[in-house]
Every structure is written in structure tokens, then in C-alpha cells.
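In: Here is my input; please provide its structure:
(4 chains)
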Number of protein chains: 2
Amino acid sequence: MFFDSNTIIFVIVNHMNTIPVHININPELYKKNPESSDLGKRIITKSIEMIHEIGFEDFTFKKLGVEITSNESSIYRYFESKHMLLVYLINWYWSWLEYRLAYKIQNIKSPKEKLEIAVDLLVQEVINDNDFSSINEVLLHKIIVDESSKAYHTKSVDTENEKGFFKCYKRVVGRVSELVLEYNPDFEFPHMLISTVIEGAHQQRYFSQHLPSLTDFEKGKNNIVRFYTNLVFKALNIS
Amino acid sequence: MFFDSNTIIFVIVNHMNTIPVHININPELYKKNPESSDLGKRIITKSIEMIHEIGFEDFTFKKLGVEITSNESSIYRYFESKHMLLVYLINWYWSWLEYRLAYKIQNIKSPKEKLEIAVDLLVQEVINDNDFSSINEVLLHKIIVDESSKAYHTKSVDTENEKGFFKCYKRVVGRVSELVLEYNPDFEFPHMLISTVIEGAHQQRYFSQHLPSLTDFEKGKNNIVRFYTNLVFKALNIS
DNA sequence: ACTTAAATAATAGTATTACTATTGTTTTTT
DNA sequence: AAAAAACAATAGTAATACTATTATTTAAGT
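Out: Next comes the predicted model:
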């Protein structure tokens, strides 16, 4: 049985809310698979907590080593650099999202409904999902919002892109763009629309916390989801 | 005569293309005004070139010192840190944009036309504008596209926001949001719409260079401007 | 022209970061 | 019980992002 790297392997267990899922990450992103050992899992779990808490710039492998009562040098046996760890986490997130998307739309026929579900998934806050494995998805989503742009705003984007570091993200944009075209085959800019929505939603969440005058965020009113859902369907309706 | 910090002072000279304009930057952003000396101007001119060329992370005051045949320590007398220099440049850009916006819509009555002009200004590429002063606006715009998110994705956003470091940007979003409401007073999310358009357009330009599959960019077809102009007016038309 | 002050340049030094390399000590596997 | 793999501890490196001090040049005032 073959899977290309970054393939999602999943098993949907009927009539259950908790779905055993294994998210397979491109082995080029790590030196040793962190899923393969207890130390590796602690690295992932704690790094998510720490990056969320102190921010990516202040996060170091030395500090992480102290927190997991291990050593800086041991962490380097799993990840080449803290940048690679961030890239790993981001890929994990997008693989997980792709899996949830496939699951949620699997039995739905209506293109409109499928697109609605997709947009909601892309812009909605992540709520506690009985975090399976070593990953706290709620915190991971916050890292995506706060830090993910740092993964591709680097001098090395181009070479890293060639190596497939952003594959998962690009695949999600590709899949949802297909849903856009299913709904309106004449729309000229499906990728722009979807990447605008994804990045926009993340930024609006960030702005709502730090630069609220750039938003019209109001707590409990779901404005971000309402705004982007509206935006998508107004953009796609033939005027 | 009083001006609050970050106020734009401008003199519009009739029947001329080149408009003498003085962009006034919040003095809290620098230790010594770089406009006040030859060395200061060289710092600005060369830092724009260097940040554009090698990226913000690899840019250092030491390297800049070599390039302008001056010294690292002398640059520190103008700017507290390279971060503050970036914030300065970003404020300069938004002040300049606010000035151009005011100039372009000054005699226009139609709310629709005003908004069209504003959106075009926000998302269009910057073309060579007889660069007055020590600033190459074309390169500066590229820095905004590539690097500006680094100015506010930091641990210190909140305190810096309180100090007014992002005032110019917020004011542009505010003004254009007013134009949105002039055109459609019932629209619920003017700030979200405008900040989405601004940041989105920057990202699409970045993606078009580095992650083109996230866009539908085609050279010479002005897709970014067409996409965002459409998006705005479709979002604002009462369905 | 002379003094003073201001601006700039040169040098040195610091703490921290993002690593690499080496060696020793546990665990785990066979 | 031996061999291998994993991990921990330590040391070391080049670079960064600064600060501090001193020396030199340039400009300004009288």
C-alpha cells in the first residue's frame, strides 16, 4: 500500500463522534518522526503550548528543553530548526483541516451546501475537539492565526515551496476552489477568493485581539463567519 | 500652527503633476529625524533598497553602515532598532497613501467613483512617481507587500499600538470605510471589508511571486485589481 | 580665527540565539 | 549479555542586536 507524502490516512468509524485518524506528514519536514516516541510527542505538545504563550520569536529549543525536562540537543534530533517545527505544525493543521473537510461534505450533494460548509470550516474558530493525539487543536489554530505567516515570509520560500513545504495548504485552497467552481463554473478567480478568505479570516481574528479598529468584530455575534460567508456568495452570484 | 503627530502637511500646486508634499512622521518613531540630515536620508534610501533586496531578517544596521560608508553606531542615533526603522517606513507609506487618496478624490462627488478610486489606490501596484525626497515608492511598496506583516506580528503589538505606531494605517482603513458607508450606509462590516482588501491585495501580490497556485494571477491582466474591485462592489450591492 | 558644541566614526564589549560537535549515559532490542 | 539506538550534558561557534566609550570631524556662534 502506497501513500505519497502528506497523504491523509483516515478511517471513519460509523456512528461515532471521535474518529480515529492518522495524519501523515511529509517526512522531509522532520529528522525523526515526533509521533514515533514519547519525547517526540512531548516536543509537539509543549511546543504548541509555548509558541502560543510566548510567541514564535521568543520560543527557543533551549527553553523547550527545560520545559519537557529534556535537552536542546535532543530536540535537534527531531527537527532541524525551530522554523522546521513551525512548518511541521502548519502542515499538520492543514492536513487535519483537509480531513475534516472531506468528512463533513462526504454525503452532501448540493454544491452550495458544500461550499457553505467549507467556508465555515475555514473561517470559524476551532473549538475543543476531544484533542486526540499530542495535539491541542485549539491552541494550534491560534498559532496558525498568530504565527503562520512567518513560515512563508522568508527568504527561502521558493526553495521550500519546491520541496513541498506548503503542499497541504495549497491542496486545501485547491479543493475548496473546486467547490467554488462547482457552484459557479464561470467564476474567474476561485483561488484568489479562497486564499483571501482564509488569510483574511485569520487576520481578522488577529486584529480583533490587537488592532480592533481594523475590524467590526463583536463578541458572540459571529461577525467574521457572517462577513466571509456573505462575501463569498455575493462574489459568486451572477449579478 | 499646530499639527498632531502623523499629520500630513501638503500643498497642492495647481496644474502640476509633481506636488511638493511633506510627510510628517510621528517623532516617537525615531530618535533623530532622518529627514534632518544627509546621513539620515542615506539611511532611509539605502535601507529601502537593502530590505527589498535581502529581506528584513538578513538586513542589519552593520551591513547598512557598510553600504552607506557610515557606521552601525551612527545609525542607532537615528533609530532605536531595525524594527523601529521598519515601523517608520510603513508609517511613511500610509501617510503618503492617505495624501494621494485625499488628492485624488478631492473634487469628486459620486460616492461610487470615490470608492472606486480608493480601492484602486489600495490594491494597484505602485508605479514610478518621480520619486521625490529620499524615498523610492516603488521599492517601498514592495517592502509593504513582503515585510509589513512583520511589523505587527510581534509580542509588543499592544504596547506599540497604544503608542500610536499603527495610527496611519488605521486612519487609512477608517477613511476608506467612511467611503464605503457613503456608498452603502447599511453595510455592516466596512472595516473588515477594507482591511481584507488591503491585506488581501498585498498577499496576492506576494503569492503571485512565490506561491502562485494560491492565486489566479496572470501577467498584464490586472486580475488583482479586477478581483478586489468586483469583490467590494458585489459585497456592497443590496441583493 | 577660535571656541564650543554637535554629529559622526571607530572600537570594544555583552547577552542571546541558533545552531554543531563530542562524549557519556541510559534504554531498548536482539 | 552485547550491540545499537536514544537521549542528556557539556562545550563551543558565528552572528545578531544591541550599549557604551572614546576619538575625530564638521558646523555654528562670537
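In: make it CA atoms for all contacts and neighbour counts henceforth
Out: OK.
In: Show the contacting residues for the closest residue to DNA strand D within chain A.
Out: Residue nearest to DNA strand D within chain A: A:S70 (3.8 Å; Cα to the nearest atom of the strand). Contact analysis of A:S70 by Cα atoms under 8 Å, 6 or more residues apart in numbering or on different chains lists nothing.
In: worst-scoring helix or strand of chain A, pLDDT-wise?
Out: strand A:8-10 (a mean of 41; mean pLDDT, DSSP states H and E).
In: Could you tell me which residues of chain A lie near DNA strand C?
Out: Contact residues, chain A versus DNA strand C (Cα under 7 Å from any atom of the strand): A:E57, A:D58, A:F59, A:T60, A:F61, A:S73, A:Y76, A:E80, A:S81, A:K82, A:H83.
In: Apply 10 Å and report the result again.
Out: A:37-38, A:56-63, A:71-77, A:79-85 (Cα under 10 Å from any atom of the strand).
In: Any of these buried? List them.
Out: By neighbour count, with 16 or more other Cα atoms under 10 Å in any protein chain shown, these hold A:F56, A:F59, A:T60, A:F61, A:K63, A:I75, A:F79, A:S81, A:K82, A:M84, A:L85 as buried.
In: Contacts only, for the fourth one.
Out: For A:F61, the residues meeting the contact criterion (Cα under 8 Å, 6+ apart) are A:E72, A:I75, A:Y76, A:K82.
In: Got the confidence number for it?
Out: We note a pLDDT of 97 for A:F61 in this prediction.
In: still on that earlier bit, now do the SS call for the residue of chain A closest to DNA strand D.
Out: coil (DSSP: H, G, I helix; E, B strand; the rest coil).
In: Could you check how far it is from A:T45?
Out: 14 Å (Cα to Cα, to the nearest Å).
In: Nearest residue to A:E182 in space, please, no chain neighbours.
Out: Closest residue to A:E182 apart from its sequence neighbours, by Cα to Cα, 6 or more residues apart in numbering or on different chains: A:P111 at 6.0 Å.
In: correct me, but the one you found touches A:L179?
Out: Yes. Contact criterion Cα atoms under 8 Å: A:P111 and A:L179 qualify, at 6.7 Å.
In: okay, the two: which has more neighbours?
Out: Applying other Cα atoms under 10 Å in any protein chain shown to A:P111 and A:L179 shows that A:L179 carries more neighbours, namely 19 against 16.
In: beta partners of A:I23?
Out: A:I8 (DSSP bridges).
In: Pull the number of nearby residues for it.
Out: For A:I23, the tally of surrounding residues (other Cα under 10 Å) stands at 18.
In: do the same with A:N237
Out: When neighbours are counted by other Cα under 10 Å, A:N237 comes out with 12.
In: residue contacts, it?
Out: A:N184.
In: ok, so what distance separates it from DNA strand C?
Out: To DNA strand C, A:N237 is 46 Å away according to Cα to the nearest atom of the strand, to the nearest Å.
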